[in-house]
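Please work out how this folds:
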Amino acid sequence: GHDLAKVEEAYALVAALVQQFRLPQQALVRWTGAYKDQWDDHLALPPGVHVQNIISSAHKSRETALRHLSALHTEFPDGGVIIAKVGMSNGLGPMLAAKSPWPVINLPADPTGFAADVWSSLRLPSQVPALTVLSEANAILAAANILAQRNPRVYAWRQEQIEALEP
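I've put the predicted structure just below:
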């Protein structure tokens, strides 16, 4: 019942506002300390998120690891999540968590063969807010849940997966 000119004006305003929408540029970082720590590349990764693979040890080359971390912060100002998958020593994730505002998820490479190593991912010093997940698939889903808080595309992807759980 409104004047057609007013309706047209309202639609023009909505169209202008929609043009300002943008999807965030986020990263899901799969970080390992050595080439032997492999990823399952058959797992579903969230759409619209830049997957970065980094191989850099925090023990053997701490400065190089910190340079990689700084470069990530610069390249992805909208943030990201780091999954640190390591083998014999789980010090990579805690070091990254202590030096980054991004969430860090520790993923022990072989929790069944080296159960004692998992403790270095669980008993962390103060000011080291890393999480620990034993399943690579669940680590990726946890990372997607974190990214979904600011990314509608990832939110929709996760919501679709959640809804598929119910018949």
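
Not counting sequence-adjacent ones, nearest residue to Gly48?
Arg153 (4.0 Å; Cβ to Cβ, 6 or more residues apart in numbering). Every C-beta, even on glycine, is put in place using the N, C-alpha and C of the backbone.

mean confidence for the helix or strand hosting the one you found?
Assessed by DSSP states H and E, Arg153 sits inside helix 152-164. Helix 152-164 shows an average pLDDT of 94 in the prediction.

Send me it as PDB with only the CA atoms.
Output of helix 152-164 as PDB, limited to C-alpha atoms (Å, rounded to 0.1, in the frame of the first residue of the first chain):
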ATOM      1  CA  PRO A 152      28.100 -17.700   7.400                       C
ATOM      2  CA  ARG A 153      29.400 -20.100   4.700                       C
ATOM      3  CA  VAL A 154      31.000 -22.300   7.300                       C
ATOM      4  CA  TYR A 155      28.000 -21.900   9.600                       C
ATOM      5  CA  ALA A 156      25.700 -23.200   6.900                       C
ATOM      6  CA  TRP A 157      28.100 -26.100   6.100                       C
ATOM      7  CA  ARG A 158      28.100 -27.200   9.700                       C
ATOM      8  CA  GLN A 159      24.400 -26.700  10.200                       C
ATOM      9  CA  GLU A 160      23.700 -28.900   7.200                       C
ATOM     10  CA  GLN A 161      25.900 -31.600   8.700                       C
ATOM     11  CA  ILE A 162      24.200 -31.300  12.100                       C
ATOM     12  CA  GLU A 163      20.800 -31.500  10.600                       C
ATOM     13  CA  ALA A 164      21.800 -34.600   8.600                       C
END
